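In: Sequence plus predicted model, see below.
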Amino acid sequence: MSEMNELLKVDHLRVAFDSDRGGTVGVDDVSFRVMPGETLAIVGESGSGKSVTALSIMRLLGGNSRVEEGRIMFDGRDLLELDDPGMRSIRGNQISMIFQEPMTSLNPVLSIGFQMREAIMLHMGQSKKEAHATAIRMLEKVGLPRPEKMMNEYPFALSGGMRQRVMIAMALSCKPKLLIADEPTTALDVTVQAQIMTLMQELCREAGAAILLITHDLGVVAEMADRVVVMYAGQVVEEADVFELFEQPKHPYTQGLLKSIPRIDAANDEQLESIPGAVPARYESIPGCRFTNRCPYATDRCAKEMPLLSATGEDHFTRCWEVRRAENGLREEEDSHA
Amino acid sequence: MFKYVIRRLLIAIPVLLGVTVINFIIMKMAPGNPVDMLISPQTPAAALEAKRIELGLDAPAYVQYWSWFTHLLRGDLGYSMVTYEPVGRMIFDRLGPTLLLMGTSLIIGVAIAIPLGILSARRQYSKLDYAAVTGSFLGISIPNFFLGLGLIYVFSLWLKILPSSGMSTLGGNGGFVDILLHLIMPVIVLTANVAGRNIRYVRSSMLEILEQDYLRTARAKGLKETLVINRHAVRNALIPIVTVLGMEIPILFGGAVVIEQIFSWPGIGQLTMSSIMSRDYSTIMGLNLLAAVIVILANLLTDIAYALVDPRIKYSK
Amino acid sequence: MHNPKDPAVPLQPLLALENLKKYYPVRKGIINHTVDHVKAVDGVDLTIYPGETLGLVGESGSGKSTIAKLIVGLETPTEGRILFDGQDISRLSPREMIGLRSELQIVFQDPYSSLNPRKRVGDLLAEPLKVHRIMPAKDISREVDRLLELVGLPKNSRGRYPHEFSGGQRQRVGIARALSLKPRLVVCDEPVSALDVSIQAQILNLLKELQRELGLTYLFIAHGLGAVKYVSDRIAVMYSGKIVETGKVDEIFREPKHEYTRTLLDASPIADPRQRNKRRAFHSH
Amino acid sequence: MNLFKRYFAGRSEAQEEMLGWPEGDENSRTLFWRRFKRHKLAVAGLVVIGILTLCAIFAPFITAYKPTTVTDSFGAAPSLQHWLGTDQVGRDQLSRLIYAARVSLAVGLGSIVISAVIGTVLGLISGYFGGWIDSIIMRLTDIFMSFPYIMLILVVASIVGPGLTNIILILGVLGWPGVARLVRGNVLSAKENDYVKAGRVLGFSSGRIIFSHILPNVVAPILVYATSGVAGAILDEAALSFLGLGVQPPTPSWGNMLASAQSLTVLTSQPWLWVPPGLMIILIVLSINFVGDALRDALDPKNNK
């Protein structure tokens, strides 16, 4: 694997929150890379820290949370070191983002046209008229009917699927190198989801943009991703190529997750195996592996010592003592993925 | 949009009717009637009865209401029981000063509350925020009359720089500057109130907007924070404020009663107090009715203003 | 698996919907008159046999939740009949309905909004028993314990408030409450949609277990085809207020007849990257 | 491995998880206090309210004079005998100030209890049943809210006559529309909760659903509103008494004590007669408003974390 031309590299990211009960760590020791043009999926359940990770890349974390550690390298620059104007010139321009809730992500009192033009005028240096034309072209590209008329509409006149198309048009209008999509179809119906996903992938492929797809849906991951990062309780527990991950999941959590989803192509009498229990409430204070309480393979060591994310195959990383033990010939601690 | 306005109008009509009914009922509950006022205790009972019939006071309540109501529609509010002047005329003469007082206070109060509320929300938990919030609590917690008396004590009696009563200097020509000087203290009192109520309102409205997803979208576009706030947040935050302004009107009327009493401001409030003191119920009820109508009209206006600032209204209903 | 559709025995359906319609008026204009109707449910015929699970799938707004509400009496139909055990229950007065309440119950989608946050779990489960005077007061406590055990919650959950539970556990409480009156038909209105992936399987397995033990009949409503396939014997596909296709699970999945069913199947993502290229909707170009 | 345990995971696993139940988890009450205590001014307000309430209750034991006793000095400036001087009739100002707290607290609490009860019942009915009942109740609140509140109170007070009981009744009876609207709005959103629908499906009566399931969930906003309502009623009583239509002398009320300042001599040369009652009103109203604000914050389900 060449580390030369990666587009985004997140390195030992750690994000903490202030809450009523004092500071807590939401995301801890998260590392991954996105190559130009590829689709990387971050998959995890609610509270696994996947959205927080996405927002940290954009530096859009809320006021009560902050990055405590780590680096976020984008195109050779550390985003965390940039000053505000520098970061703004990247947002919406080189990295853009679409969100889970199309219903609330557009400003209800500003017209679609206004909201479309804003970023184009800002980053592409276009006049209002040029931006207007660009916006219409983008709306056309995302398959919205009568784009000229759409420019004068307000968000509430549009369905969820249409709004998400507008969001995509807006996000891609400045030709970003990376599109972060945070659960872009969770709020939508299955058939609309398929359309939006296809659209996103086609347009990004055409523009050469990479996608960082945040989702909880393994089905969507299987359909869309080139590589997958699995997150659990604020940490990356496994990273692998999509085919490898689905065929040979190594982390017990990934294995459990794959066995617990009801599939439409399953045999009739197949019994689902669920993962017992739930994510521990205050996982940041657990000294060992955070999956210990639900893991069928857990040992004493798992409860006491935190495993590191380490190479367990070619381009395959896992955070698990037992997997490491099984993979013979592994070197010790120093091979952590960094 | 047009339909929306018509709908609001149609809702206002039963409310308006209800207001007249309540008004009429209260008037009937009031002790004494015009006959007692017109005739001395020595008048024989038969003559009294004749007068009652003549005035229609023997008719069933709904007939009396109808007669009163039809007069009302012609703009006839009856006659004062004390001065025998037409009530409509008396009120009309007093309306100007009160509207001047209320209008000035409302505008200044809002002009203070909106920027301060927004700034306070943007710098939540800063010193400025604490100052603004504490100030707004003071504004709603100081009784009007106490603040008024305090101002008179300081500026009229001690510093002797502001006139303490009336709308213009006796014998003066009532020029602009003269009225302005008289206006200062009563306006300060009412403004303290308006600003006090609305700073916190604007602040909490803004705080709510600051958490909205679409601001994150705006930031994700790379917009400057000032643009995010001014373009995307402020407009949304001000929409609910429009409704609150409508609710200020009845409160200001109430405030005017007390303030005009203290500053001898020749407006509706003073008329209300003097009518109450002299038990002039026909004037009181005329005043009450008029105030209610103004409130309903103000609400109607705010509804329309709401429709203008919030594009969502056009589509719903 | 119990098969209620043994062709030799013509079974009487437990629940039958006959030409069921629910129209919501669209009010418009100055005097708010009704100008149109939203046909949420538009002439639905459906039968559910004792002991089976009928899966009902469709998109949001297709009317599947309205059907759930109509069956349990939260809405009154505009037209048509709802036959429960042969008796039309669609227009019963609240009083007449009381006896039937225990027969038809519902499990809601959102485990956060379906439990009263101000009541302890024990009280939530005891309340229906008290209201319907199902048993002497002294037995209620034991019955609550039994219900908790039934859904796999420890006895000490009784004294706790809903917010102390996770989403999956709350859903278990919701199921226990629905079962407290010993219903024959349970409408499951998207019972796992709001839960995390790893918890969904727990609840699906629990529902299956309970069905086997208590001989329950389910109407299982969902938008995710995977879950529906897993629990259902038969499936009905709904599209804009109408049932467009019904059939046994394998038939529907093997050879969908209606165009919409095919679209739905194609659009549903499969958690297997190798199947990507075989499929149309996601990668059609 | 224990794979077979995972095979039928439907029931067993939840039990297991419960063993690790966070016993030390905060209950809602301690959470409430912790959030309330963040508001320093509200805590101070609570102390002030407590002290004033004690003063009001034990007024006869802590005052040197009866509030109506006329002493031999008229309009005297503060002295050792009369810490806050005497009024023009010769009554001890400090005693009157303390006794007046009774009036304010009685009016504040009494009237808000009346409006809260009427408003809550009407709001619950309006919100839960909807339809024409709702329309009627809501139009009624529109009508009442169209009259400027103070003017309406003045008129009614002038008709039924002044006095403490009447003031409480008037403020209470005319104050319900605000509560009703607030409760209705909250009921409308509470009604959308599935637990209310579950109650209907389980065959609970409307009464049980309204009072046992909905009401406990709308108590918080009513409480917050009532708190500011107490402050408002105290201000209204003061204004009424100031204008001479409220509590009548010789019963002391901060409002009617201030009324004396309408005379120029008192205003200019006897500030001990009008400044203390004014400050008392500000103190109590401010305290109550701070407490109300902290309550709003601490009871807000949005920051339930």
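Out: Structure's in. What do you need? Not measured: the values here are computed from a predicted model.

In: Please, which helix or strand holds the residue of the stretch 1-150 of chain C found nearest chain A?
Out: Taking CB to the nearest CB as the measure, the point where the stretch 1-150 of chain C comes nearest chain A is C:Glu59, at 4.1 Å. Every residue, glycine included, has its C-beta placed from N, CA and C. Assigned by DSSP states H and E, C:Glu59 belongs to neither a helix nor a strand.

In: ok, now which ones touch it?
Out: Neighbour list for C:Glu59: A:Asp189, A:Val190, A:Thr191, C:His223, C:Tyr239 [criterion: CB atoms under 8 Å, 6 or more residues apart in numbering or on different chains].

In: okay, those residues in TSV with distance to chain B, pLDDT and neighbour count next?
Out: TSV is the format used below for the contacts of C:Glu59 (distance: CB to the nearest CB, whole Å; pLDDT from 0 to 100; neighbours: other CB atoms under 10 Å in any protein chain shown):
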residue	distance to chain B	pLDDT	neighbour count
A:Asp189	20	88	20
A:Val190	23	88	23
A:Thr191	24	88	17
C:His223	23	84	19
C:Tyr239	26	93	20
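
In: so of these, which ones are in helices?
Out: If you go by DSSP state H, those have A:Val190, A:Thr191 in helices.

In: ok, the contacts of C:Glu59 vs chain D, which is closest?
Out: Taking CB to the nearest CB as the measure, chain D lies nearest C:His223 of the contacts of C:Glu59, at 17.4 Å.

In: shouldn't the closest one be in contact with A:Thr191?
Out: No. Counting by CB atoms under 8 Å, C:His223 sits too far from A:Thr191 to count as a contact (10.2 Å).

In: And the helices in chain C?
Out: When assigned using DSSP H, the helices of chain C occupy the ranges C:64-71, C:94-101, C:121-131, C:137-150, C:167-179, C:197-214, C:225-231, C:249-254, C:259-267.

In: Where among the ones you listed is average confidence lowest?
Out: Lowest mean pLDDT within the helices of chain C: helix C:94-101, at a mean of 78.

In: Give me the helices and strands touching that helix, please.
Out: Contact analysis of helix C:94-101 by 3 or more CB pairs under 8 Å, 6 or more residues apart in numbering or on different chains; DSSP states H and E lists no helix or strand as a packing neighbour.

In: I figured C:Gly152 hits C:Leu207, correct?
Out: No. Applying CB under 8 Å as the test, C:Gly152 and C:Leu207 come out as separate, 11.7 Å apart.

In: Below-threshold pLDDT in the chain: ranges please.
Out: Here I'm looking at chain A. Residue ranges of chain A with pLDDT under 70: A:1-4, A:19-23, A:328-338.

In: right idea, wrong chain: chain D
Out: Scanning chain D for pLDDT under 70 picks out D:1-28, D:301-305.

In: One more pass at 80, please.
Out: D:1-29, D:31, D:64-65, D:68-77, D:79-83, D:87-90, D:264, D:300-305 (pLDDT under 80).

In: Tell me where the longest helix sits in it.
Out: Scanning chain D for the helix with the most residues, using DSSP H, yields helix D:93-129.

In: so what's the nearest residue to A:Val34 once chain neighbours are set aside bridging to?
Out: In space, not counting the residues next to it along the chain, A:Val34 is nearest to A:Leu8; the distance is 4.1 Å by CB to CB, 6 or more residues apart in numbering or on different chains. When bridges are called by DSSP bridges, A:Leu8 pairs up with A:Val34, A:Phe74.

In: Wait, A:Leu8 touches A:Arg33, no?
Out: Yes. Under the criterion of CB under 8 Å, A:Leu8 is in contact with A:Arg33, at a separation of 6.6 Å.

In: the more surrounded of the two?
Out: A:Leu8 (22 against 19; other CB atoms under 10 Å in any protein chain shown).

In: residues in contact with the more buried one?
Out: Contact criterion CB under 8 Å, 6+ apart gives A:Arg33, A:Val34, A:Ile57, A:Ile72, A:Met73, A:Phe74, A:Leu178, A:Ala210, A:Leu212 as the residues in contact with A:Leu8.

In: OK, contacts around the third one?
Out: By that I understand A:Ile57. When contacts are counted by CB under 8 Å, 6+ apart, A:Ile57 is found next to A:Leu8, A:Val10, A:Ile72, A:Phe74, A:Leu79, A:Ile95, A:Ile180, A:Leu212.

In: try the last one
Out: Taking CB under 8 Å, 6+ apart as the contact definition, A:Leu212 lies against A:Leu8, A:Val34, A:Leu40, A:Ile42, A:Ala54, A:Ile57, A:Leu178, A:Leu179, A:Ile180, A:Ala181.

In: excluding its backbone neighbours, what's nearest B:Arg122?
Out: B:Ile229 (6.6 Å).

In: ok so that neighbour is a helix residue?
Out: Yes. With DSSP: H, G, I helix; E, B strand; the rest coil as the criterion, B:Ile229 is located in a helix.
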